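**Student:** Generate a structure from the sequence data that follows.
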Amino acid sequence: MRNRISVKELAMIFIISIILISSVSAWGASVSYWEEDGNELKLKPGETRDVTIRLQNMPDADGNGEDIVLSAELVEGEEIATLIDEDLEYDVPLNTKHTTVNIRISIPEDAQLGQDYKVGVRLKQIVTGGDGMVQFTSGMRSTFPVKVVSEGEETPEDIEPKLQPPKEKKFKTEYFVIAIVLIVAIVVIIVHYTTAKRKSKQEVRTIKKKKKKSKK
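**Tutor:** Here you go, the predicted model:
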């Protein structure tokens with residue numbers, strides 16, 4: 001049974017990893033509300049408001065990038081928030097900033113004034129491999145605060161708040177390369193240990209057979 005990984009196969013693993021690294025683009029998300037400077041989304045009890053998270057996909061520092069597909073999942077604030085798009089997979093072309101994830105916020109009628117909520121959406125990049133298998137790769141979480149206020153203190157609907165700078169995912173190529181090298185090294189060590197152990201067992205069996213023959 002073949003259980004060794006050749007140098008050629010290890011080289012292929014490393015090359016594929018580098019190709020995957022080079023395909024990563026600097027995507028991110030922007031929200032119109034954040035905690036600093038009192039810029040929460042302010043709504044009164046019983047009020048419903050549709051808001052958006054803006055997705056952007058820009059080239060990296062080297063000018064590389066590609067069109068991507070992102071998925072969205074509501075992970076915080078389910079008691080007041082709902083993702084209202086029929087399709088929660090979003091095509092985000094390169095050099096664009098205006099793809100939106102639409103969220104409906106509904107404050108309960110009995111919500112207490114001053115009550116704070118937080119809405120969080122997890123975004124993940126979807127990559128389809130050459131074999132047609134869908135894989136989720138890098139991801140990030142976009143959150144914004146919601147505050148319950150009295151009538152007259154709500155965030156105006158006809159005013160576009162200043163966008164918060166995109167919370168781009170942190171990605172350092174050199175760290176990824178180091179991780180790949182370590183993984184390959186671990187695989188090599190495991191294979192080497194397994195092979196050596198099997199070889200040792202075979203040598204022990206051979207010695208025992210020789211001893212039996214000598215006794216005869």
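
**Student:** the helices in this protein, which residues?
**Tutor:** Applying DSSP state H to the chain gives helices spanning 7-22, 173-215.

**Student:** what's the least confident stretch among those helices?
**Tutor:** Of all the helices of the chain, the minimum mean pLDDT falls on helix 7-22 (a mean of 54).

**Student:** domains for this protein, by residue range?
**Tutor:** Per automatic domain parsing, the domain ranges recorded for the chain read 1-24+171-216, 26-169.

**Student:** now those in TSV, with mean neighbour count?
**Tutor:** Using the backbone N, CA and C atoms, a C-beta is placed for each residue, glycine as well. Shown next, in TSV, are these (neighbours: other CB atoms under 10 Å):
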stretch	mean neighbour count
domain 1-24+171-216	11
domain 26-169	15
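
**Student:** Among those, show the one with the smallest mean pLDDT.
**Tutor:** domain 1-24+171-216 (a mean of 64).

**Student:** Run through the bridge partners of S30.
**Tutor:** With DSSP bridges applied, S30 shows beta-bridge pairing to R54.

**Student:** these two touch, right, it and M58?
**Tutor:** No: checked against CB atoms under 8 Å, the pair S30 and M58 is beyond contact range at 11.8 Å.

**Student:** and for these two, which residues touch both?
**Tutor:** K97 (CB atoms under 8 Å, 6 or more residues apart in numbering).

**Student:** measure Y33 to V146 for me?
**Tutor:** Distance of Y33 to V146, computed by CB to CB, to the nearest Å: 8 Å.

**Student:** joint contacts of the two?
**Tutor:** With contacts defined as CB under 8 Å, 6+ apart, the residues shared by Y33 and V146 are 40-41.

**Student:** Enumerate every residue touching the residue lying closest to V101 once chain neighbours are set aside.
**Tutor:** In space, V101 comes closest to I53 once its chain neighbours are excluded; the distance is 4.3 Å by CB to CB, 6 or more residues apart in numbering. I53 sits next to 29-31, 72, 100-101, 103, 121, 142 when contact means CB under 8 Å, 6+ apart.

**Student:** Kindly reformat the residues you listed as JSON lines containing distance to K197.
**Tutor:** Compiled in JSON lines, the contacts of I53 are given as follows (distance: CB to CB, whole Å):
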{"residue": "A29", "distance to K197": "49"}
{"residue": "S30", "distance to K197": "54"}
{"residue": "V31", "distance to K197": "55"}
{"residue": "A72", "distance to K197": "48"}
{"residue": "T100", "distance to K197": "57"}
{"residue": "V101", "distance to K197": "52"}
{"residue": "I103", "distance to K197": "55"}
{"residue": "V121", "distance to K197": "49"}
{"residue": "S142", "distance to K197": "49"}
